[in-house]
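Trainee: Please work out how this folds:
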Amino acid sequence: MRTRGRALLLGVVLLALVAAGLWWERSQFAGRTAQSGRTNSPGPSPRVTTAQVERAPVETVAGAPHLGRPTDGFVGSAACLTCHVDEYGSWHRSYHRTMTQVATPESVRAPFDGRVLENRGRTFRVRRDGDAFFVRMLDPAADHGPAASRRIAPLVERRVVMVTGSHHMQVYWVESEGPEREQFILPFVFLLGEEQRWVPREDAFVVPPDAGFMHAMWNDNCIRCHATGAQPALDPATGRYDTRVAELGIACEACHGPAGEHVRFHSDPANEDAPAHAITHPLQLPVVAQAQVCGQCHAITGPPDKAADESWFVQGYTYRAGGDLWATRGISRHPAKAAQAAPRTPAKNFDMPTEQLDIFFWPDGMMRVSGREYNGLLESACYQRGDMTCLSCHSLHDSDPNDQLAENRRGDGACVDCHEEIASALTAHTHHAPSSTGSRCMNCHMPHTSYGLYSAIRSHQISSPSATESLAAIGRPNACNLCHLDQTMAWTAEHLTRWYDQAPVDVAAPYDRLSAGLLWLLRGDAGQRALAAWHFGWSEAGAASGRAWLAPPLSIAAASDPYGAVRYIAARSLRRLPGFETWSFDFLAPQAERTASGKAAYDLWQALPRPPAEVRRRVGYRADGSLSLELMMQLQKERDNKPVFLGE
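Mentor: Predicted coordinates for the structure are as follows:
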């Protein structure tokens, strides 16, 4: 048997480095059911007919996991359609459903057209034959893992059996040789949307450029949250998998529990008018249990002991929606948080090795990556001492699939429902105009300080901005400077002291005289640079801080940052600025080509207006409006080049 010990935690770490990561699209489950008639927002879901949805489940494809677990009570989402047409339709439109799918012409979005892809010295030829997709590559079963442990990997052609993702990007899983149900990742992502291009996996994430090449296996990694009712089914004698899932993707039974008994009961005409039987309605659960439905995936969890660790690789997780998540798993809380007693937080802590903490957490214990929103919720007073749960804002059945925010939760509604005294005197609290960006609750108390999918994501730990959180000991950008990109951290500290009686903070150079946003973009670590690059393209920050000065530092970051993900985000933000919409740039091009594109951006900027005189000194301009290239280069030389892995 392969060494397991802390393998589940290792899987989480490797997931951060190698998997493609649609990671649940940052949209937690909330919902209503036909029986309860309860909803998170006014108005019913658009009604669909059975002809508009796929009723029959996809048959198991050779090399993919076995589908179906009827003996364990799972019956599949298709069984819900007869009675719950609207709910089935809204789920069917969601990215939860398409998190993992069998590879078919309908699900595969990338061109498998015979082209050759190259990644870290390895080549991969992708092709399509009828309805099947194939990759010619080194045998992934022999080519994965540390180089020292690899044996000589033969050249093989493997069928693509599964696809993960359908919103921002997709990755593809190839079959293993023989009867085992093991799937290995094709080490590329295909970017959707406007990009429509293949990208080496290592360049799609915040991973050190010299981290090297790694494969990932679906069976002991992504299966945890990218399928419903998953059983890795590891054979201890052979170390091989014969994996089974109730359903691929996040299906109805992930959030409502196995429905076999429910379907059996309500299929009897005698029970036609009976109350809902043997099924979980998340909205009807107590606060703690309700949040745990989402927390089973949107959290960093692990086995509470060695026996549970070994059992998972055979049986999978035993938690079912409506049960007690903490009875079956430990929740990883940062030591800075775990040392603080807090209501409604688990007694069991899944201790993470110290050297791995910064993959997921800021030094003060706040999450710095997406997909782990439950961890942030646990540390929020609104949950600990109030009734806030994931379903306070999110709904699967009454929302836009893009973010699953309930229709009446896009503004400040969820906050002012409880904080009426603030809403009644908004300007006195925010010191901003009521209609301005600065008076939006989420912008100050849920700033975009988590990273995932080439984007900055809102923190789900409800907090208040402070300059202290942005000092060197923590380093997390604060809400004020992420909106007022042109201002110094000393400016923020002074206002927070004057407005909210926060203790004065001694802000050291250069944060006392230069824009914090500029410093994070060019001088910060890779995670800070990625967040800053995203905010430089955020329309609300541009409106608050002015756009006339943003292009030069963005072009420098796009052309020269060592991390592919940072270059991508900086280039995307630059193209969002007036005058740069058609600027040509390839973030994976050789350095000389990227430098030429950066020079072209500089030439475009020359014809544009300069920032106001009162701003220039803070953002790297001279008094006459010319750019201080010397300062820009100096900030680059001071760049924090420590390796950064972000486990999104």
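
Trainee: contacts, neighbours, all on C-alpha from now
Mentor: Fine.

Trainee: mind listing what's buried in the helix ranked longest in the chain?
Mentor: Secondary structure of the chain per DSSP state H: the longest helix is helix 591-606. Of all the residues in helix 591-606, those buried under the rule 16 or more other Cα atoms under 10 Å are 594-595, 597-599, 601-602, 605.

Trainee: Likewise for stretch 488-504?
Mentor: 488-496.

Trainee: Same question for stretch 641-648.
Mentor: 644-648.

Trainee: Quick check: end-to-end length of it?
Mentor: 20 Å (Cα to Cα, to the nearest Å).

Trainee: quick check: mean pLDDT across that stretch?
Mentor: Across stretch 641-648, the average pLDDT comes to 95.

Trainee: where does the stretch 101-250 of the chain dip in pLDDT?
Mentor: When residues are selected by pLDDT under 70, those of the stretch 101-250 of the chain lie in 144-152, 214.

Trainee: all strands of it, in order?
Mentor: 116-119, 122-129, 132-138, 155-164, 169-175, 183-185, 188-191, 197-200, 227-228, 234-235, 240-241, 244-245, 247-248 (DSSP state E, counting those that start in this stretch).

Trainee: how about the ones you listed, which one is nearest residue 509?
Mentor: Closest to residue 509 of the strands of the stretch 101-250 of the chain is strand 197-200 (Cα to Cα; 38.4 Å).

Trainee: how far away is the residue nearest the centre of the chain from residue 88?
Mentor: In the chain, the C-alpha nearest the mean C-alpha coordinate belongs to residue 370, at 3.6 Å (Cα atoms, centre = their mean). The gap separating residue 370 from residue 88 is 27 Å, by Cα to Cα.

Trainee: Return the helix or strand in the protein with minimum mean pLDDT.
Mentor: helix 7-18 (a mean of 34; mean pLDDT, DSSP states H and E).

Trainee: Quick check: what element follows the longest helix of the chain along the chain?
Mentor: Downstream of helix 591-606, the first helix or strand assigned by DSSP states H and E is helix 613-616.

Trainee: Tell me the confidence at residue 585?
Mentor: Reported pLDDT for residue 585: 97.

Trainee: Then residue 46?
Mentor: 37.

Trainee: shouldn't residue 399 be in contact with residue 408?
Mentor: No. With contact defined as Cα atoms under 8 Å, residue 399 does not reach residue 408; the gap is 9.1 Å.

Trainee: Of those two, which one has the most company?
Mentor: More crowded of residue 399 and residue 408, by other Cα atoms under 10 Å: residue 399, with 23 against 16.

Trainee: Which residue, other than its chain neighbours, is closest to that one?
Mentor: residue 406 (4.7 Å; Cα to Cα, 6 or more residues apart in numbering).

Trainee: Angles on the backbone of that neighbour, please.
Mentor: phi -60, psi 150 (degrees, to the nearest 10).

Trainee: picking up where we left off before, any idea how far the residue nearest to the centre of the chain is from residue 642?
Mentor: Distance from residue 370 to residue 642, by Cα to Cα: 21 Å.

Trainee: One more: residue 397?
Mentor: Note on residue 397: its distance to residue 642, by Cα to Cα, is 43 Å.

Trainee: Ok, residue 625 next?
Mentor: In terms of Cα to Cα, residue 625 sits 34 Å off from residue 642.

Trainee: now residue 384
Mentor: When residue 384 is compared with residue 642 (using Cα to Cα), they lie 36 Å apart.

Trainee: Likewise for residue 236?
Mentor: 39 Å.

Trainee: May I see the buried residues of stretch 423-439?
Mentor: Those would be 423, 426, 430, 437-439, for stretch 423-439 by 16+ other Cα under 10 Å.

Trainee: mind listing which of those are in strands?
Mentor: Within the buried residues of stretch 423-439, no residue falls in strands by DSSP state E.

Trainee: Out of those, which is nearest to residue 240?
Mentor: residue 437 (53.8 Å).

Trainee: what's the closest one in contact with, if anything?
Mentor: Each residue near residue 437 by Cα atoms under 8 Å, 6 or more residues apart in numbering is listed here: 443, 540.

Trainee: Kindly report the same for residue 547.
Mentor: Contacts of residue 547 by Cα under 8 Å, 6+ apart are 577, 611.

Trainee: name the element it belongs to?
Mentor: Here residue 547 is assigned to no helix or strand, by DSSP H and E.

Trainee: separation between it and residue 579?
Mentor: From residue 547 to residue 579 the distance is 11 Å (Cα to Cα).
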